[in-house]
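K.L.:
Next input, structure requested:
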Amino acid sequence: MVGKNKQAEIALKEIFATRKVQKSYIALVKGHMKEELFIDEKLKRDVETSQIRLKVHVDERGKASQTKVIPLHYFEDKDATLVQAFPYTGRQHQIRVHLFHVKHPIVGDMIYGVEEEDAERYLDGSMSAEEQYEKTLSSRLLLHAYSLSFNFKGVDYTIESTVDVKNEFYTLMKG
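P.N.:
Coordinates of the predicted model:
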């Protein structure tokens with residue numbers, strides 16, 4: 001989102017900073033997620049055990065982090081579930097880490113759900129696209145920003161993606 005002028009930009013940044021924007025994402029996760037989850041786990045950058053500086057993990061010493069996840073459709077032939085995720089906080093990699101933590105990593109995730117050495121090779125560009133596809137079951141991370149809802153100057157806005165994510169993700173997943 002972009003403000004039309006500096007004043008609008010400042011106001012929009014404030015809405016995001018004060019968490020007055022409701023966001024939702026669609027993801028394809030490994031396994032059969034049968035019921036709605038509310039994940040309330042603190043997140044912290046993993047500087048102690050990981051060589052990957054941007055990696056985050058669940059840690060009691062971390063910052064409060066909450067995500068609601070609703071299963072939408074289970075693809076039995078691929079053993080994968082399409083989910084909608086609602087992050088109530090805005091932590092780095094929050095949805096990815098929370099889903100990995102509950103044993104449903106996002107298909108195509110080359111940071112969470114793969115060996116550390118593989119993540120490092122991916123990040124430094126030394127992993128082939130074919131190997132990435134083999135290790136994660138997709139050529140890319142199957143996580144899509146789906147909607148934003150907020151109030152700006154007394155007007156309620158909802159912006160939703162028009163992409164057919166269900167079919168797109170099904171096609172992109174190996175299997």
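K.L.:
what ranges do the strands span in this protein?
P.N.:
22-30, 37-40, 43-45, 56-58, 66-75, 80-87, 143-152, 155-160 (DSSP state E).
K.L.:
Find the nearest non-adjacent residue to His144, please.
P.N.:
Ile26 (4.7 Å; C-beta to C-beta, 6 or more residues apart in numbering). In short, each C-beta sits where N, CA and C put it, glycine included.
K.L.:
So which residue is dead centre in the chain?
P.N.:
With distances taken as C-alpha atoms, centre = their mean, the residue of the chain nearest its centroid is Ile95 (3.9 Å).
K.L.:
So that one sits against Leu143, correct?
P.N.:
Yes - in this structure, Ile95 is within contact of Leu143 by C-beta atoms under 8 Å, at 6.7 Å.
K.L.:
if I look at those two, which residues touch both of them?
P.N.:
Contact criterion C-beta atoms under 8 Å, 6 or more residues apart in numbering; residues shared by Ile95 and Leu143: 25, 27, 106.
K.L.:
For Tyr122, list the residues it contacts.
P.N.:
Contacts of Tyr122 by C-beta under 8 Å, 6+ apart are 110-111, 114, 132.
K.L.:
which of the shared contacts of Ile95 and Leu143 tops the neighbour count?
P.N.:
When neighbours are counted by other C-beta atoms under 10 Å, Ala27 leads those with 28 neighbours.
K.L.:
circling back to that earlier point, for the strands of the chain, give me JSON lines that also has distance to Ala8.
P.N.:
What follows is the strands of the chain, written out as JSON lines (distance: least, C-beta to C-beta, whole Å):
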{"stretch": "strand 22-30", "distance to Ala8": "19"}
{"stretch": "strand 37-40", "distance to Ala8": "34"}
{"stretch": "strand 43-45", "distance to Ala8": "31"}
{"stretch": "strand 56-58", "distance to Ala8": "31"}
{"stretch": "strand 66-75", "distance to Ala8": "29"}
{"stretch": "strand 80-87", "distance to Ala8": "24"}
{"stretch": "strand 143-152", "distance to Ala8": "8"}
{"stretch": "strand 155-160", "distance to Ala8": "13"}
